[in-house]
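Peer 1: Kindly generate the corresponding structure for this input.
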Amino acid sequence: MPHLDVRLLGPLEIRIDGALVAIPRGNTATVLAILLDEANSVVPLENIVRAVYGVDIPQDPETQVQNTIGVLRRKLGAARDRVETVGRAYRLTIGADELDALRCKANEDRARTLRMEGRLDEAVAALREALGEWRGPALANLSGATVDSMRRRYDEHRLALLDRRIDLDLELGRAAEVVDELRQIVAVHGTRQRFTALVMRALHLSGRTAEALEAYAALKERLADELGADPDPALRDLNAAILREGPPATALSAPPLPPDPPFPRRAPAMLPRANTRFTGRTDQMRVLDGLLDAAAGTAGLAVIAGMGGVGKTALAVSWAHRVAHRFPDGQLYFNLRGFDPLAPGADPHTVLGEALVALGVDAGQVPERLDERIGLYRTVLAGRSVLVVLDNARDAAQARPLLPVAPGSFTLVTSRDRLAGLDATEGADLVPLDLLSDADAWALLVRRIGMDRAMNEERAVLRIVASCGRLPLALTLIGAWGAAHPQFSLASLADRLDTTTNVFRVLLSSSDPASDPRSVFACSYQALGSRAARAFRLFGLHPGPDLTVPAMASLMALPPADAEAALHELADMHLVDQQREGRFSMHDLLRSYAKERFNEEVDEEQHTAAARRMIEHYLFNARVAEATGAADGDHREFFDLGEPAPGVVLEPIRDTAAASAWLEAEDAVLRGIVDLEPERGDLHARVWQLRWALTESIVYRFASRGRPEARSAAIAATERAGDTLGRLVSGSSLTGPMLLVSTESALHEQLASVFEEAARGHNPGAKALVSYTLTVGTGVEDCDAEARGYAMQGYQYFIEHGNHFWANRMQYAIGWHSARLGEFGEARACFGRVVRDAVPERRPLAKANTDLGLGYVAHAEGNFSRAIGHFTEALAWYEENDLEVSAAFARDNLGDALAALGESAAARSEWAAAAMVYEAFGLIAEAARVRAKATPSAAVDIASGEDAPR
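Peer 2: Reported below is the predicted structural model:
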């Protein structure tokens, strides 16, 4: 990828791999500046139009902006892909080291951390690095109202960093070193009382008290001439302290704030009523407290971000009330309605007018232009300690004009969007808000319905909490309903939530659409671009709990890059979560809403096509995973899968480790897929083909995919499709693994039924698979003679069918059961043929298996050292390839050989490890057998050779 070096803290410059790129002045440069200002964030097309054209909107402005984007991409050449299209929006992707504003932000964050740790010298150095990114006024070579506004904001930020750095220098005793620098700053910013206070402190601490008093007198004169105002009371106090030649510590360590504007001071109290039932969020409260403390001497800014209904407003308002006493000049609150189901988003122009009036500005003195309102708002807030809560912001552009910049105030923003733009350019601290903990979710519901009732129906309460997915909005609605209907059983409500196919029918609040989860989720959904909205709907088709980028690409029939962009847009809106890298999950209630959208907005043809791509994504990836894994067979010889549907994307499964990891990660998803009941018969066939593709995972890993109900579902699917071979394959291949973990009579009956049908037919493949299953079943019951007979029968059928891998497996079974019968010569001959006949890529597995068999033979013949060698080699390969149960079986036998040599402690260690794995995979009888061997009497029997190896 080409490396960028982009600079906007000075003249706008962009270099690609060191070469300067000429960006045309005018709209192209303005659009680039807008995208850089919101680096790595999605900028809606309408926002760009508004920023570029202001009130002078030309005809078809969106097309003009799109053409401008095209020009910009051509100029970027090899880096054109950095400008991404995200629905009806754009995003410029850039690394933290590629943009000066981001490098400045990183150093600023580092300085803040160092300051909190007391490492002041390093904090000053970090701030100097941050300030070193400036080469002059921001975007100095561009013009226009939007650029001017951005320039003022960046330059205000530079002054705030400079203020912070000099304050730390004074704290470190460097007063004499900063005097000249401060005099130069005051010469340029003559009415900024903050810098005059700093220069007064620096002069006084340097022993130049007379000059400090002169600086105050000069400021007083300038304020009177230019603003008709007097110095701030805090600055007057500092002057008086210096006159007394004994300035108080507070005066010198905490420089005074800038002056009040020439308007009457009014302390607004606009916070809405706090929720008296607010529950939990202790950690987030503590984080916000820490951010407020860390922001001392700066204009603090924090963003609470989370999905709709997660309780962002409740947290913000509750915390604001808790700290309101720390803001004596008032508290401003504005609902920006960025995702309001009942009203359009609030216009910053209008909000600023309301804020100015609330702060004491006469309505007649409120200017008309947006930039003038921003300037007056910041001037009025300068010198005041005000808490600003901006609730429900749609994006960074909506919130940015409302942010105070002078030290002393603190702003808290809530949004469903992560507002990365505020983090990158404004130094915002993100406070992510997730679902409630189990304990807090329970407490929230109990506060609604009452403790006595909750204790009487404790199990029902836990079920309700689980059904609501720990989402505060859902718990609040259910709790309100329960409180309003004390005569109804909570168990019946829990039943409704458990069994309903549409949870919104239970949660619907018709009297208050703003509290209806549908309306809350709809606002986030409607704000999405078309591609992200389509991805959201497709979550309603997918069984969950999570999916990968290639899986979404298959669902959408789009390239992975487009699917990833859509998923990240959903993540930015907190509609999906990426709790594990590369895997995106969705809350159950959101998934229910996505399912509604999918069913209502997607026609039957598109529905079927998406379902086919989804099923085939997992089918063909399962085949790749099994073919790549060491324990795989060539299933394609039993039936031709053909080619996947157009648009199906395969996962990057390149080796055994990746194959095993994919099968493990997709376990729950694969269970959901094989339990699907698609309406089309050909899709039913794909479902049972997936079950067959996963047979090896069931046999070798004994994973929960092999549960009896899944086997029944696969057989039922083939019956609905009218596929006799499919029923035989599903029945035989899935019943055999079940016999390894269960002895239910129903499984044996199923096996007998499948065998009878196979015997009546002429399909050697079906007969071979039934023979394999019978080999497994009789082998588990220690009927070695019968098992060997079925294995010999299966070997012939597999040879007749042309499947040499499975024939090789049956050859191994013949050898194993021959060894169990004491026919060691026949066993060795079979094991030799297994290794010889295995295809090259399967020989390591064949070698490990035969090591296991040869170890058994060596133990039975009394050659315990050789047995230990064979078992150890088999164990190493099984463990390296994550075949846990096979490894446990090797440990089981290795323990026997060690015990036979009198190494009891080592034997018990191997048996204990084997038993733990058996128990983890549900092999309870095997675990009990192994643990029993560790008893003293059993160990003596094994050591004396009285107990044959298992």
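
Peer 1: Look up how far Ala571 lies from the nearest residue to Asp395 once chain neighbours are set aside.
Peer 2: Nearest residue to Asp395, sequence neighbours excluded (C-beta to C-beta, 6 or more residues apart in numbering): Asp417, at 5.8 Å. Placement of C-beta: from N, CA and C, glycine included. According to C-beta to C-beta, to the nearest Å, Asp417 and Ala571 sit 10 Å apart.

Peer 1: Name the SS class of the residue nearest in space to the middle of the chain, please.
Peer 2: The structure's the chain has its C-alpha centroid closest to Gln578; by C-alpha atoms, centre = their mean the separation is 1.5 Å. The three-state label given to Gln578 by DSSP: H, G, I helix; E, B strand; the rest coil is strand.

Peer 1: Would you enumerate the residues in contact with it?
Peer 2: 571, 584-585 (C-beta atoms under 8 Å, 6 or more residues apart in numbering).

Peer 1: With neighbour numbers in mind, choose between Asp417 and Ala571.
Peer 2: Comparing Asp417 with Ala571 by other C-beta atoms under 10 Å, the one with more neighbours is Asp417, at 26 against 15.

Peer 1: Specify the local secondary structure of the more buried one.
Peer 2: coil.

Peer 1: That one and Ala397 touch, don't they?
Peer 2: No. If you go by C-beta atoms under 8 Å, Asp417 and Ala397 don't touch, sitting 10.7 Å apart.

Peer 1: ok, now which ones touch Leu9?
Peer 2: With C-beta under 8 Å, 6+ apart, Leu9 has these contacts: 100-101, 104, 133-135, 138, 154, 158.

Peer 1: ok, the residue nearest to Arg534 when sequence neighbours are not counted - contacts?
Peer 2: Spatial nearest neighbour of Arg534, chain neighbours left out: Met556 (6.3 Å); criterion: C-beta to C-beta, 6+ apart. Shown in contact with Met556 (C-beta under 8 Å, 6+ apart): 531, 534-535, 538, 562-563, 566, 647.

Peer 1: can we see that at 10 Å?
Peer 2: Shown in contact with Met556 (C-beta atoms under 10 Å, 6 or more residues apart in numbering): 531, 534-535, 537-538, 562-563, 566, 610, 613, 647, 649.

Peer 1: ok, which pair from those residues is furthest apart?
Peer 2: Using C-beta to C-beta, the two most remote members of the contacts of Met556 are Arg537 and Val649, lying 18.4 Å apart.

Peer 1: and stretch 872-888, how far out from the chain's middle?
Peer 2: How far stretch 872-888 lies from its chain's middle: 33 Å, per C-alpha atoms, centre = their mean, to the nearest Å.

Peer 1: related to what we said a few turns ago, pLDDT and secondary structure for the contacts of Gln578 - can I get that in CSV?
Peer 2: Converted to CSV, the contacts of Gln578 look like this (pLDDT from 0 to 100; DSSP: H, G, I helix; E, B strand; the rest coil):
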residue, pLDDT, secondary structure
Ala571, 86, helix
Phe584, 92, strand
Ser585, 88, strand
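
Peer 1: Just put the residues you listed in JSON lines and tack on distance to Lys312.
Peer 2: Shown next, in JSON lines, are the contacts of Gln578 (distance: C-beta to C-beta, whole Å):
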{"residue": "Ala571", "distance to Lys312": "16"}
{"residue": "Phe584", "distance to Lys312": "21"}
{"residue": "Ser585", "distance to Lys312": "20"}
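
Peer 1: just curious, which of the residues you listed is nearest to Asp56?
Peer 2: Using C-beta to C-beta, Ala571 comes nearest to Asp56 of the contacts of Gln578, at 36.1 Å.

Peer 1: Give me the distance between the residue nearest to the closest one when sequence neighbours are not counted and Ser904.
Peer 2: In space, and not counting its chain neighbours, Ala571 is closest to Gln578: 5.8 Å by C-beta to C-beta, 6+ apart. Separation of Gln578 from Ser904 (C-beta to C-beta): 50 Å.

Peer 1: for Asp17, same thing?
Peer 2: For Asp17, the distance to Ser904 - C-beta to C-beta - is 67 Å.

Peer 1: Compare those two and say which is more crowded by neighbours.
Peer 2: Comparing Asp17 with Ser904 by other C-beta under 10 Å, the one with more neighbours is Ser904, at 17 against 11.

Peer 1: hang on, isn't the more buried one packed against Ala934?
Peer 2: Yes. Counting by C-beta atoms under 10 Å, Ser904 does reach Ala934; the two are 9.1 Å apart.

Peer 1: Check whether Glu368 really touches Thr350, as I assumed.
Peer 2: No. Here Glu368 does not reach Thr350: they are 11.9 Å apart, not a contact under C-beta under 10 Å.

Peer 1: which residues are common contacts for those two?
Peer 2: Common contact partners of Glu368 and Thr350 (C-beta under 10 Å, 6+ apart): none.

Peer 1: Between those two, point out the one with more neighbours.
Peer 2: Neighbour comparison, Glu368 and Thr350: the larger count goes to Thr350, with 11 against 8 (by other C-beta under 10 Å).

Peer 1: looking just at contacts, which helices and strands does the host helix or strand of that one meet?
Peer 2: In the assignment (DSSP states H and E), Thr350 maps to helix 348-358. Applying 3 or more C-beta pairs under 10 Å, 6 or more residues apart in numbering; DSSP states H and E, we find helix 348-358 packed against strand 331-335, helix 370-381, strand 387-391, helix 396-399.

Peer 1: count of residues packed around Asp195?
Peer 2: Heads up, residue 195 is Phe, not Asp. 26.

Peer 1: quick revisit: state the distance from the residue nearest to Arg534 to Ile34.
Peer 2: 29 Å.

Peer 1: what's the pLDDT at the nearest residue to Gln331 once chain neighbours are set aside?
Peer 2: Once flanking residues are discounted, Gln331 sits nearest to Leu387: 4.4 Å by C-beta to C-beta, 6+ apart. Predicted confidence (pLDDT) at Leu387: the value is 95.

Peer 1: My guess is Leu387 contacts Phe327. True?
Peer 2: Yes. Using C-beta under 10 Å, Leu387 is in contact with Phe327, at 4.2 Å.

Peer 1: who touches both of the two?
Peer 2: Both Leu387 and Phe327 are contacted by 292, 320, 409-410, under the criterion C-beta under 10 Å, 6+ apart.

Peer 1: and of these, the nearest to Gly228?
Peer 2: Ser409 (24.1 Å).

Peer 1: Quick check: Gly469 vs Ala915, distance?
Peer 2: 37 Å.

Peer 1: Also Tyr154?
Peer 2: For Tyr154, the distance to Ala915 - C-beta to C-beta - is 65 Å.

Peer 1: quick one, which of those two is more surrounded?
Peer 2: For Tyr154 versus Ala915, neighbours defined as other C-beta under 10 Å are more numerous around Ala915 (24 against 20).

Peer 1: Test my guess that that one contacts Phe921.
Peer 2: No. Using C-beta under 10 Å as the test, Ala915 is too far from Phe921 to be in contact (11.2 Å).

Peer 1: Pull the distance from the helix or strand encompassing Ile166 to the chain's centre.
Peer 2: When elements are assigned from DSSP H and E, Ile166 belongs to helix 145-171. Here the centre of helix 145-171 is set off from its chain's centre by 34 Å, with C-alpha atoms, centre = their mean.

Peer 1: Which is the succeeding secondary structure element to that helix?
Peer 2: Counting by DSSP H and E, the next helix or strand C-terminal to helix 145-171 is helix 175-188.

Peer 1: quick check: angle from that next one to helix 145-171?
Peer 2: Angle, helix 175-188 to helix 145-171, by axes from the mean of the first three to the mean of the last three C-alpha atoms, to 10 degrees: 150 degrees.
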